[in-house]
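J.: Fold the following.
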Amino acid sequence: MTRQHAGRAVLLGLAGMLALVASWAPAASQSPGFVPAVGARIWFYHDLNPYESLGTPFVRIDGAVAGASEPGSAFYRDLPPGRHRLSVDSYVNDKYQTIEVDAGPGSEVFVKVVPNDTYVEGGGEHSGGYHRNSYVLWPFPAEAARPAIARLRLVAGGPVAAASQ
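T.: Residues are numbered from 1 along each chain as shown. Sure, this is the predicted structure:
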């Protein structure tokens, strides 16, 4: 490899690393804009913990997939005000897997996706064992959720598609 080719390879590598770092900007630096006055906004966030599952379960609003909950990220969906059923895909059916929320005009609702890691696991003393990803949804007050979301990566938000039930 010539010196010129090596220099280009290094520059391409640095450009790729810079693009990757820029894509992981925290949510606080990526302004989602104002909540629509005639609509409501629902935030979903999932903390990054190296000791918990790195699975990305689908989160649903009224039966329609709203997005995939990635560890270390947050996303929102704008939707009409009213009562909405929120759920997270999970290996185990849990009473906290599905919740109902009331979202008024111009309001924000904050929901944390929480791994329930020790629910289904096992294995022998001399084997690798097994583990199944299970998740629950916890509604959080804005005062607790906003600082947590500010530390996370913001994934694309926007309006939710119509439910496909």
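J.: Walking through this protein, point out its strands one by one.
T.: Using DSSP state E, the strands assigned to the chain run over residues 40-46, 58-61, 64-68, 73-79, 82-88, 98-103, 108-115, 121-122, 130-131, 135-140, 153-154, 158-159.
J.: Least reliable of those strands by average pLDDT, please.
T.: Of all the strands of the chain, mean pLDDT reaches its minimum on strand 121-122 (a mean of 60).
J.: one step back: need the strands of the chain in CSV (columns: mean neighbour count and distance to Pro147).
T.: (C-beta placed from N, C-alpha, C; glycine too.) Putting the strands of the chain into CSV (neighbours: other C-beta atoms under 10 Å; distance: least, C-beta to C-beta, whole Å) gives the following:
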stretch, mean neighbour count, distance to Pro147
strand 40-46, 24, 11
strand 58-61, 20, 21
strand 64-68, 17, 22
strand 73-79, 23, 12
strand 82-88, 17, 22
strand 98-103, 15, 21
strand 108-115, 20, 11
strand 121-122, 10, 31
strand 130-131, 12, 30
strand 135-140, 18, 11
strand 153-154, 20, 14
strand 158-159, 12, 23
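J.: Which of these sits closest to Arg146?
T.: Minimum separation from Arg146 across the strands of the chain (C-beta to C-beta) falls at strand 108-115, 7.6 Å.
J.: Can you tell me what sits against the closest one?
T.: 35, 40-47, 49, 52-53, 55, 57, 59, 69, 86, 88, 99, 101, 103, 133-142, 144-146, 148-149 (C-beta atoms under 8 Å, 6 or more residues apart in numbering).
J.: I'd like the strands of the chain laid out as a markdown table, including distance to Thr2.
T.: Converted to a markdown table, these look like this (distance: least, C-beta to C-beta, whole Å):
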| stretch | distance to Thr2 |
| --- | --- |
| strand 40-46 | 47 |
| strand 58-61 | 49 |
| strand 64-68 | 44 |
| strand 73-79 | 42 |
| strand 82-88 | 53 |
| strand 98-103 | 61 |
| strand 108-115 | 50 |
| strand 121-122 | 54 |
| strand 130-131 | 50 |
| strand 135-140 | 52 |
| strand 153-154 | 39 |
| strand 158-159 | 47 |
